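Student: Here's a sequence, model it:
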Amino acid sequence: MNTASHRMDITTADAVSFSVCLATPVARALALGVDILVILGIQSILQGLFHILVLFDEDLFAGLLMILFFVLNFAYFIFTEWRYSGQTFGKRVLGLRVIDSRARRLTASQIIVRNLFRVLDMFPLFYAVGGLCSLLHPKFQRLGDLAAGTLVIRLPRSEMRLSTDRRDRKYNSFRSHPQIEGRLRRETTPEEVALLVEALTRRDTLDPAARINTYRELRAYFEQKIRFPAPLRDDLADEPFLRNLLDTLTRNQREL
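Tutor: Numbers count the residues shown, from 1 in each chain. Coordinates of the predicted model:
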């Protein structure tokens, strides 16, 4: 790992290597601050809904609030990291993401484990243990990360948006350049087509950071082979570019 720039090299099980930028303890603390504000906002709304219980039993109301905050604190992190592929609202604002430390797809069990360990990371107050562990660890991991095998990384602004636009997948702009399609079919080997198929069909098994780097490298490989016109290069993100390639290379076979 390059500690000067907080970068770390990761190699996937498929021997694909890429570099990620680790989230610093300061960035993680800022994201946590945003998340705490969101949690307090949700708690305030729920507190207003349950306020009628004060009329019946003040102790019951106070006890319910304590339980509500405890449950909400864990449910919020578990739900958002599962629903948004390793991002809470705070992490999204700061451009951070939780990933598997071996570049595999983040699992529900990892998300649950890393967040249950918040009980220890929060001890004794204000995430003292988790913050100290993150400061001292070379990969900035807190106890929950170590237990779950996860890292928190910073996504470069240019890579924060994964292209999943369905319009990009339905329309192949390469079709308006038959000379490019013809050259692609002539110069692409069956092994290269198989590599494209493997990369695209396994997209949901790859961690988002690994997918971004894999698709970027694969696109660069084909752009070295063939000179694409500027509209085909500049108007497409990496994933739709590769999908257009695959459509071009397999369309004739599908239409037979």
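Student: And the helices in the stretch 51-200 of the chain, which stretches?
Tutor: Per DSSP state H, counting those that start in this stretch, the stretch 51-200 of the chain carries helices over the ranges 58-83, 89-94, 108-116, 118-121, 128-136, 143-148, 166-170, 178-187, 190-201.
Student: So which of these is nearest Leu236?
Tutor: helix 166-170 (6.9 Å; CB to CB). Where C-beta positions appear, they are placed from N, C-alpha and C, glycine not excepted.
Student: burial of the residue lying closest to Ile111 once chain neighbours are set aside, as a residue count?
Tutor: Excluding the flanking residues, the one nearest Ile111 by CB to CB, 6 or more residues apart in numbering is Glu81, at 4.8 Å. Glu81 sits with 23 neighbouring residues when counted by other CB atoms under 10 Å.
Student: Tell me where the stretch 151-256 of the chain is predicted with low confidence.
Tutor: Applying pLDDT under 70 to the stretch 151-256 of the chain flags the ranges 156-171, 252-256.
Student: Verify the stated contact: the residue nearest to Ile111 with Asn115.
Tutor: Yes: shown here, Glu81 and Asn115 form a contact pair, counting by CB atoms under 8 Å, at 7.3 Å.
Student: show me what contacts Lys225?
Tutor: Glu187, Thr188 (CB atoms under 8 Å, 6 or more residues apart in numbering).
Student: just to revisit the earlier point, tell me the contacts of the residue nearest to Ile111?
Tutor: When contacts are counted by CB under 8 Å, 6+ apart, Glu81 touches Gln87, Thr88, Val98, Leu106, Ile111, Asn115.
Student: same check, this time on Ser134
Tutor: Contact analysis of Ser134 by CB under 8 Å, 6+ apart lists Pro25, Arg28, Phe140, Gln141, Arg142.
Student: out of those residues, which one sits closest to Arg219?
Tutor: When the contacts of Ser134 are compared against Arg219 (criterion: CB to CB), the nearest one is Phe140, at 30.2 Å.
Student: Run a quick neighbour tally on that closest one.
Tutor: 22.
Student: per-residue pLDDT, it?
Tutor: pLDDT for Phe140: 95.
Student: wait, it sits on Arg28?
Tutor: Yes: judged on CB under 8 Å, Phe140 makes contact with Arg28 at a distance of 7.2 Å.
Student: okay, and the common contacts of these two?
Tutor: Counting by CB under 8 Å, 6+ apart, the common neighbours of Phe140 and Arg28 are Ser134, Val152.
Student: returning to that earlier point: could you measure from the residue nearest to Ile111 over to Thr88?
Tutor: Plainly put, Glu81 is 6 Å away from Thr88 if you go by CB to CB, to the nearest Å.
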